[in-house]
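# below is the structure, and that's it, no one-letter string:
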């Protein structure tokens, strides 16, 4: 199977992250869960990307790979990753 780089997004881009992996408990903190980042151009299709780790560098990598140079606004929830 051939992997093709998706077309970069422009205009208004929305980005948010979530954690997947069951209910958090004392013995299973949030850091043990998988980080999934959702990114989409306003009124476009959602791209789900599983992040390797929870860090600012990883988020910047994902943004650089998916967001083009003609972005008007990037909307987030002001996460402090």
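Nice, I can see it. The shown structure was predicted, so the numbers you read here are calculated from the model rather than taken from an experiment.
# so which residues of this protein form helices?
56-66 (DSSP state H).
# any weak-confidence spans in it?
Residues of the chain meeting the criterion pLDDT under 70: 1-5, 24-25, 27-31, 79-81.
# mind naming the longest strand for it?
Longest strand of the chain, by residue count under DSSP state E: strand 9-20.
# so which bits of it are buried?
9, 13, 14, 15, 17 (16 or more other CB atoms under 10 Å). In short, each C-beta sits where N, CA and C put it, glycine included.
# for residue 36, see how far away the last one is.
Read that as residue 17. When distances are taken as CB to CB, to the nearest Å, residue 17 and residue 36 turn out to be 7 Å apart.
# can you list residues touching both of the two?
Common contacts of residue 17 and residue 36 (CB atoms under 8 Å, 6 or more residues apart in numbering): residue 51.
# partner residues bridging residue 37?
residue 17, residue 49 (DSSP bridges).
# isn't it right up against residue 60?
No - between residue 37 and residue 60 there is no contact under CB atoms under 8 Å: 11.4 Å.
# I'd guessed residue 40 sits against residue 9; true?
Yes - contact criterion CB under 8 Å: residue 40 and residue 9 qualify, at 7.3 Å.
# on that earlier part again, which residues are contacting the longest strand of the chain?
30, 33-42, 44, 51, 59, 63, 66-77, 79, 81.
# then stretch 32-48?
Applying CB under 8 Å, 6+ apart, the external contacts of stretch 32-48 come out as 6, 9-22, 24, 49-51, 53-54, 58-59, 62-63, 66-67.
# no further questions, thank you.
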